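Undergrad: Okay, structure incoming, though there's no sequence with it:
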């Protein structure tokens, strides 16, 4: 089985600044971190690999500095990492981001499940995950709090609703967006400087 996790590097601040000339995030002087919601998606993908076998690929879109966040994903148990980086991507909205990620995933070919965090803390739109599923014409379920079972052709998940919990059965491949209730992310296995070179 092949699990793909879409992650994002975000500013480690609640004060997001936009360059008025380029309409892009001002990253200079601001520490960047793994989007906290994405840590739950990574952890769940790694747990699936440990329970059922297979590999985990983390993919991200952004400037070259995002490589550090992808290497952090390796320290959390991810097997392969892919960075989509081009100046043309600067200022991409959620549609363009989801389109680009979907195109890369389509090129990868064989995959079982795509996982994303609930949302990114710098935008809070929660649109990229569903956008990827739409571009790839995949079944999707958001706000997943538990993967009940996963088989060759289907998965059963529980999702949080305003009035309780729904159980959803979906054919695979599919995409899910997970919430923080799904697990407790593990700590990195080793420092970023000691990680093997697994950047594709």
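TA: On my side now, so go ahead. Computed from a prediction, not measured in an experiment: that's the story for all the values here. Residues are numbered from 1 along each chain as shown.
Undergrad: Tell me which other helices or strands the helix or strand encompassing residue 134 touches.
TA: Residue 134 is located in helix 128-136, with elements delineated by DSSP states H and E. Packing partners of helix 128-136 (3 or more Cβ pairs under 8 Å, 6 or more residues apart in numbering; DSSP states H and E): strand 2-6, helix 94-108, strand 113-117, strand 140-150, strand 174-178. In short, each C-beta sits where N, CA and C put it, glycine included.
Undergrad: for the longest one, which positions count as buried?
TA: So that's helix 94-108. Residues of helix 94-108 classed as buried by neighbour count (16 or more other Cβ atoms under 10 Å): 94, 97-102, 104-105.
Undergrad: Look up which residues are beta-bridged to residue 149.
TA: Applying DSSP bridges to residue 149 gives these bridge partners: residue 156.
Undergrad: what bits of this structure have low per-residue confidence?
TA: Counting by pLDDT under 70, the chain contains low-confidence residues at 13-19, 22-30, 123-124, 190-200.
Undergrad: if I look at the residue in the chain sticking out farthest from the centre, how far off is residue 119?
TA: Distance from the C-alpha centroid of the chain peaks at residue 21, with 29.1 Å (Cα atoms, centre = their mean). Look at residue 21 and residue 119: by Cβ to Cβ, to the nearest Å, they are 27 Å apart.
Undergrad: hang on, isn't residue 183 packed against residue 40?
TA: Yes: counting by Cβ atoms under 8 Å, residue 183 touches residue 40, with 5.9 Å between them.
Undergrad: can you give me the angle the lengthiest helix in the chain makes with strand 2-6?
TA: For the chain, the helix with the greatest residue count under DSSP state H is helix 36-52. Helix 36-52 runs at 170 degrees relative to strand 2-6, counting by axes from the mean of the first three to the mean of the last three Cα atoms, to 10 degrees.
Undergrad: Show me what the host helix or strand of residue 67 is packed up against.
TA: For residue 67, the host element (DSSP H and E) is helix 67-75. With contacts taken as 3+ Cβ pairs under 8 Å, 6+ apart, helix 67-75 sits against strand 32-34, strand 55-61, strand 80-84.
Undergrad: Can you tell me which of these is packed in deepest?
TA: Of all the helices and strands packed on helix 67-75, strand 55-61 has the most neighbours on average by mean count of other Cβ atoms under 10 Å, namely a mean of 23.
Undergrad: what's it packed up against?
TA: Strand 55-61 packs on strand 2-6, helix 36-52, helix 67-75, strand 80-84, helix 94-108, going by 3+ Cβ pairs under 8 Å, 6+ apart.
Undergrad: Tell me the strands beside it, with direction?
TA: Its sheet considered, strand 55-61 pairs with strand 2-6 (parallel), strand 80-84 (parallel) by DSSP bridges.
Undergrad: All set now, cheers.
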